[in-house]
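**Student:** would you be able to build a 3D model of this:
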Amino acid sequence: STSSSGEAQAQAQAQGEEALIPGLPDEVALSCLLRLPYSTQATARAVCKAWRRLLTSRAAYLEARRRLRLTRPWLVVLASHRATRKLQWQACELSGRGGAWHILSPMPDPLGPGSGSGSGPGYGPGSGYGPDPDPLCPSGFGCVAGPRASDDSALFVCGGIRSSGTEPLDSLLRFDLFTNTWSALGPMSTPRSFFACAAIGPEIYVAGGNNHNHNNHNNHNNNNQNEPTSADTARFFGTSAEAYDPASDTWRPIASMRASMARYDSAVLRGKLHVTEGWAWPFLASPRGEVYDPGTDAWECMPAAMREGWTGLSVVHRDTLYVISEHDSSKLKAFDTESGSWRDLGGSPMPAHMELPICVNAIFDHELILVVVAKNLHVALGTLSGDPGTTPDPHGNPMHSVDWQSILAPSILIRFPRRTFGLASS
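**Tutor:** Sure, this is the predicted structure:
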């Protein structure tokens with residue numbers, strides 16, 4: 001009750017504890033402070049000791065926000081400026097039907113002091129935050145949101161490579177969205193880039209990719225795109241795979257892939273890691289794909305229908321694989337695991353300025369919302385209506401449609417394309 005809260009507040013003040021907001025019960029004041037937008041929190045921490053104590057207490061703050069259902073997803077993007085090649089981590093606070101962008105603290109250079117040993121990264125020129133003839137290549141990293149509840153405001157960044165394509169990295173970095181800080185963790189046993197990376201249960205899995213040092217090879221220099229060619233795959237891409245346990249900060253080997261493969265896209269469907277090397281018009285060769293089962297520690301070939309129809313970037317929700325196709329005006333389609341076939345979904349088309357989506361994820365807040373990032377850091381939110389459990393159409397397929405809404409990037413970010421991204425919550 002209000003009276004009991006007032007008595008508790010008076011007692012706290014008598015003991016020398018500062019009230020959050022004088023004259024208000026602490027639970028009311030707490031509810032107000034928990035709703036402060038991220039952009040105001042630096043100022044709020046300077047108001048008084050009580051506010052600073054609350055807003056810097058990770059466990060108490062996050063638990064209170066979860067209890068009041070105030071946690072919000074964050075879209076975290078590693079962007080590369082097309083002219084200067086500067087790398088910049090940015091986060092978009094997805095709130096309601098809009099979003100606000102924030103620039104995050106610079107990522108340490110994995111090739112700084114302690115390179116290759118996991119003893120700690122430095123802030124050398126290779127971080128991309130200054131003139132650098134050979135910056136880190138943004139598309140070579142693996143990036144995944146924290147797999148455990150205690151890590152749901154964290155982002156893990158694995159491996160990577162220089163833009164010259166000379167040597168893959170073994171590093172593992174953790175970004176804490178709550179404190180806006182980076183830390184170095186135990187390195188992978190095998191350096192790699194352009195690899196599959198995903199969280200399954202409490203662990204992070206990585207597989208395949210470039211894990212060879214080829215200092216004299218410069219195919220990756222063309223147009224600064226750093227995308228591997230089919231010849232590169234045969235010569236430089238490996239089959240090794242491993243799993244990381246955040247609780248013990250250790251890696252363990254798992255079964256190797258059946259064939260060396262450069263990651264085009266990957267997804268976790270029904271507890272299994274699906275990896276595809278992608279597609280190329282006019283399908284001169286059938287794309288390869290593999291599926292890893294952590295329960296049996298074994299890989300198997302991906303069904304032909306799935307890999308041949310996987311023509312874009314994907315996201316999984318409730319055991320359904322959704323793909324935004326890279327042709328047919330970026331159509332959204334879904335894979336039916338029961339029938340082993342793809343179906344196109346209805347609704348509005350992808351906004352025209354979203355040209356070839358660069359990355360896609362999803363959030364669920366009473367409804368499924370697809371989050372798509374395109375060139376220049378424009379974002380589209382696609383609200384999906386219908387569900388696999390709804391009444392099917394006359395052909396027996398579940399009814400789905402998507403309604404798209406755009407979040408245009410601020411003009412200051414327009415010259416940053418993308419590369420790697422993930423979703424975290426805070």
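
**Student:** and Ala255, how many neighbours?
**Tutor:** 16 (other C-beta atoms under 10 Å). The way it works is simple: take the backbone N, C-alpha and C, and place the C-beta from them, glycine included.

**Student:** can you give me the pLDDT of the nearest residue to it once chain neighbours are set aside?
**Tutor:** Nearest non-adjacent residue to Ala255, counting by C-beta to C-beta, 6 or more residues apart in numbering: Asp297, 4.9 Å away. Confidence at Asp297, expressed as pLDDT, is 98.

**Student:** ok, Asp297 to Met261 distance?
**Tutor:** According to C-beta to C-beta, to the nearest Å, Asp297 stands 18 Å off from Met261.

**Student:** quick one, which of these two is more surrounded?
**Tutor:** The residue with more neighbours, out of Asp297 and Met261, is Met261; 26 against 12, by other C-beta under 10 Å.

**Student:** related to what we said a few turns ago, so the residue nearest to Ala255 touches Arg252, yeah?
**Tutor:** No - using C-beta atoms under 8 Å, Asp297 is not in contact with Arg252; the gap is 10.4 Å.

**Student:** now name the helix or strand holding Ala64.
**Tutor:** Assessed by DSSP states H and E, Ala64 sits inside helix 58-67.

**Student:** quick check: buried residues in that helix?
**Tutor:** For helix 58-67, a neighbour-count test (16 or more other C-beta atoms under 10 Å) marks Tyr61, Leu62, Ala64, Arg65 as buried.

**Student:** just those: which has the poorest pLDDT?
**Tutor:** The model is least sure about Leu62 among the buried residues of helix 58-67, giving it 79.

**Student:** I figured that residue hits Gly146, correct?
**Tutor:** No - using C-beta under 8 Å, Leu62 is not in contact with Gly146, being 12.0 Å away.

**Student:** quick check: neighbours shared by those two?
**Tutor:** Ser153 (C-beta atoms under 8 Å, 6 or more residues apart in numbering).

**Student:** thinking again about what came up before, return the member of the buried residues of helix 58-67 nearest to Ala267.
**Tutor:** Leu62 (27.5 Å; C-beta to C-beta).

**Student:** from Asp336, how far out is that closest one?
**Tutor:** Going from Leu62 to Asp336 by C-beta to C-beta gives 37 Å.

**Student:** and what of Glu277?
**Tutor:** Using C-beta to C-beta, we find Glu277 at a distance of 23 Å from Asp336.

**Student:** ok, those two, which is more surrounded?
**Tutor:** Counted by other C-beta under 10 Å, Glu277 and Asp336 do not tie: Glu277 has more neighbours, with 24 against 16.

**Student:** who's in contact with the strand or helix carrying Ala42?
**Tutor:** Take DSSP H and E as the rule and Ala42 turns out to sit in helix 41-45. For helix 41-45, the surrounding residues in contact (C-beta under 8 Å, 6+ apart) are Leu33, Leu36, Trp51, Arg52, Leu55, Thr56.

**Student:** among the residues you listed, name the buried ones.
**Tutor:** Buried subset of the contacts of helix 41-45 (neighbour count, 16+ other C-beta under 10 Å): Leu33, Trp51, Leu55.

**Student:** the first one contacts Leu24, doesn't it?
**Tutor:** So the one you mean is Leu33. No - look at Leu33 against Leu24 with C-beta under 8 Å: they stay out of range, at 10.4 Å.

**Student:** ranges for the strands of the stretch 301-426 of the chain?
**Tutor:** Ranges of strands within the stretch 301-426 of the chain are 312-317, 320-325, 332-336, 341-344, 346-347, 359-364, 368-373, 379-385, 401-407, 420-425, based on DSSP state E, counting those that start in this stretch.

**Student:** ok, which of these comes nearest Val47?
**Tutor:** Val47 lies closest to strand 420-425 among the strands of the stretch 301-426 of the chain, at 25.3 Å (C-beta to C-beta).

**Student:** okay if I get the buried residues of helix 58-67 as CSV plus distance to Ser256?
**Tutor:** Shown next, in CSV, are those (distance: C-beta to C-beta, whole Å):
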residue, distance to Ser256
Tyr61, 42
Leu62, 38
Ala64, 45
Arg65, 42
